[in-house]
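Chemist: Here is my input; please provide its structure:
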Amino acid sequence: MSSHRRTLFAVAVTLTAAATFGCQDPAEPEPPKADEAVTATADGPPGTVSNLQVVWIRPNSFKLSFTEVDDGTGNPAKYDIRYARGTISWGSASSVTFGTCQSQQTTSKGAGQSFYCSIEGIPSTSDPYQFQVVAYRGTLNQDAVFGQLSNVASNQGAPSGRPGAVTDLRVSSAYSNAVYLKFTSTDDGNRGVANYEVRFAPSPISWGSASRSPGNNGAGSSNASCKNLKGEESQGPGWLTTCFVVGLSPGVHYDFQLVPYSGTLNQNAVFGPLSNIASTTTATSETAIGPVQFMGTLPGQATNPRTEMIVKFGAPTQPSSGQPLRYDVRFKQGTMSWGSAASASQGTCADLAAPYPNLDASNAVYCVVAGLSPGSSYEFQLVPYRGTLNKDAVFGPLSPVVQGTTNP
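Modeler: Prediction:
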């Protein structure tokens, strides 16, 4: 019953209220003008952002990006981002009050990294707007030390046309024949989201001869294959993207790299720069199947609650070989005894193969056991496994036993 299978997604909520306009506190030091020179000291001024741009536009929100700078002491900078309708003047421009571009929410990843944030609550993004940012260290309205003002970005005019850069590709989990990759999604150069081609090779990687990721086409979800990975338009650039590469060999040191692009591969694709290289060594053997993270039932919530029971559980966080696990779900009236309990043969719990689990969070899986008797108390239990039942199955540990009663 697909409506009861859940995967966690990051969701951006766009506010429709009008943005609040305000001026800089008079007590706050004014940052230098863009053409003023700043003399470096032992602790120099923060760096200057030079590539601020609008990368995504929605009816009531903008998304901005730029390359981060340091704060003049070797540490990540903080950022004050302002905007104005029409031509921007820093002193009278609005500080961001809705969205992740607010000063208190601009969490830095470090100099040289791609930074994305949103400005929400814009009455009409079709109107002309300009944007500017200044890097600083310290605390606003107290002891802040500012760099120079950035370039001025606008929502008007032609975008860059070339996809942005991925600078934080990394391996989050490695198995004997599969690896999970993570990275921050980028823009396609046309105020949309990029697509990605992922390649890998035994270290050292050479892009031209590296293998393309095998597997089914992905669609931007946390459990997508890295093959022909598509950007998630509803989320926009700047979101954490996860995909997996399968078909690897055990005990081999691999390099992974990707390139963002717009358009269609082998036809009209426009490519961004190659990403950084991520590396790992695959496991030398298949890992053990871990236990399910939780187990429960939802009495009375099935489509036919008199004869059906929803079973929920958390997929193991260590799923063995990198392939989707299967589950033998059993039930019994009265007290559960695994050997004599019936395997689910009706409903979605029958021969259940749940999606590949999210390795960084417990992934809730829901299925339905059908063919039960009305007004009866049942106990339920399951076991995760790989392979084929009654042939070469390798099992994980039995789940806890849970109880549920059908409606009379």
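
Chemist: Any idea how many residues pack against N390?
Modeler: Neighbour count for N390, taken as other Cβ atoms under 10 Å: 5. C-beta coordinates here come from the backbone N, C-alpha and C atoms, glycine included.

Chemist: Quick check: L372 touching F331?
Modeler: Yes. With contact defined as Cβ atoms under 8 Å, L372 reaches F331; the gap is 7.5 Å.

Chemist: quick one: common contacting residues for the two?
Modeler: With contacts defined as Cβ atoms under 8 Å, 6 or more residues apart in numbering, the residues shared by L372 and F331 are 309, 378.

Chemist: Tell me who's in contact with A302.
Modeler: A302 neighbours (Cβ under 8 Å, 6+ apart): 1, 308-310, 368.

Chemist: ok, the closest residue in space to it that isn't next to it in sequence - contacts?
Modeler: Nearest residue to A302, sequence neighbours excluded (Cβ to Cβ, 6 or more residues apart in numbering): E308, at 3.7 Å. Taking Cβ under 8 Å, 6+ apart, we find E308 in contact with 302, 347, 368-370, 372, 406.

Chemist: can you check A158 too?
Modeler: A158 neighbours (Cβ under 8 Å, 6+ apart): none.

Chemist: burial of D392, as a residue count?
Modeler: By other Cβ under 10 Å, the residues close to D392 number 9.

Chemist: Please apply the same query to Q403.
Modeler: 14.

Chemist: Likewise for K109?
Modeler: Count around K109 with other Cβ under 10 Å applied: 13.

Chemist: doesn't F294 make contact with G314?
Modeler: Yes. Between G314 and F294 there is a contact at 4.5 Å, judged by Cβ under 8 Å.

Chemist: of the two, who's got more company?
Modeler: Between G314 and F294, counted using other Cβ under 10 Å, the more crowded position is G314 (18 against 13).

Chemist: For that one, name its beta-bridge partners.
Modeler: Taking DSSP bridges, one finds A364 as the beta-bridge partners of G314.

Chemist: For it, give its distance to G296.
Modeler: 9 Å (Cβ to Cβ, to the nearest Å).

Chemist: same check, this time on G99
Modeler: Taking Cβ to Cβ, one finds G99 at 37 Å from G296.

Chemist: higher neighbour count, these two?
Modeler: G99 (22 against 15).

Chemist: give me phi/psi at the more buried one?
Modeler: Backbone torsions of G99, given as degrees, to the nearest 10, read phi 110, psi 170.

Chemist: Quick check: it touching S61?
Modeler: Yes. The pair G99 / S61 is scored as a contact, 6.7 Å apart, by Cβ under 8 Å.

Chemist: Can you convert the contacts of A302 into a markdown table and add a column each for secondary structure, distance to W56 and pLDDT?
Modeler: Shown next, in a markdown table, are the contacts of A302 (DSSP: H, G, I helix; E, B strand; the rest coil; distance: Cβ to Cβ, whole Å; pLDDT from 0 to 100):
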| residue | secondary structure | distance to W56 | pLDDT |
| --- | --- | --- | --- |
| M1 | coil | 35 | 42 |
| E308 | coil | 43 | 96 |
| M309 | strand | 44 | 96 |
| I310 | strand | 38 | 95 |
| V368 | strand | 39 | 95 |
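
Chemist: Can you tell me which of the residues you listed is nearest G86?
Modeler: M1 (52.8 Å; Cβ to Cβ).

Chemist: Y79 bridge partners, please.
Modeler: Note on Y79: beta-bridge partners by DSSP bridges are A135.

Chemist: per-domain residue ranges of this protein.
Modeler: Split into domains by automatic domain parsing, the chain comes to 13-154, 170-281, 295-405.

Chemist: of all these, which lies closest to R162?
Modeler: Nearest to R162 among the domains of the chain is domain 170-281 (4.3 Å), distances taken as Cβ to Cβ.

Chemist: So for the closest one, first residue to last residue, what's the gap.
Modeler: End-to-end distance for domain 170-281, by Cα to Cα, to the nearest Å: 13 Å.

Chemist: do the same with stretch 334-349
Modeler: Stretch 334-349 has an end-to-end distance of 20 Å (Cα to Cα).

Chemist: next one: stretch 347-366
Modeler: 11 Å.

Chemist: Make 11 the starting number, not 1.
Modeler: Right, with 11 as the first residue, what we last looked at is stretch 357-376.

Chemist: Now do the same for it: mean pLDDT, whole number.
Modeler: For stretch 357-376, mean pLDDT is 68.

Chemist: Now A211. Nearest residue, chain neighbours left out?
Modeler: Nearest one to A211, counting by Cβ to Cβ, 6+ apart, is A220 at 4.1 Å.

Chemist: Quick check: the one you found touching P212?
Modeler: No. Counting by Cβ under 8 Å, A220 does not reach P212; the two are 9.6 Å apart.

Chemist: neighbour-wise, which of those two wins?
Modeler: A220 (17 against 13).

Chemist: quick one: contacts for that one?
Modeler: So A220 contacts 209-211, 265, 267 (Cβ under 8 Å, 6+ apart).

Chemist: Go again with 10 Å.
Modeler: Listed by Cβ atoms under 10 Å, 6 or more residues apart in numbering, the contact set of A220 reads 208-212, 264-267.

Chemist: Just flag the most distant two among these.
Modeler: The widest separation within those, taken as Cβ to Cβ, falls between V208 and P212 and amounts to 15.6 Å.
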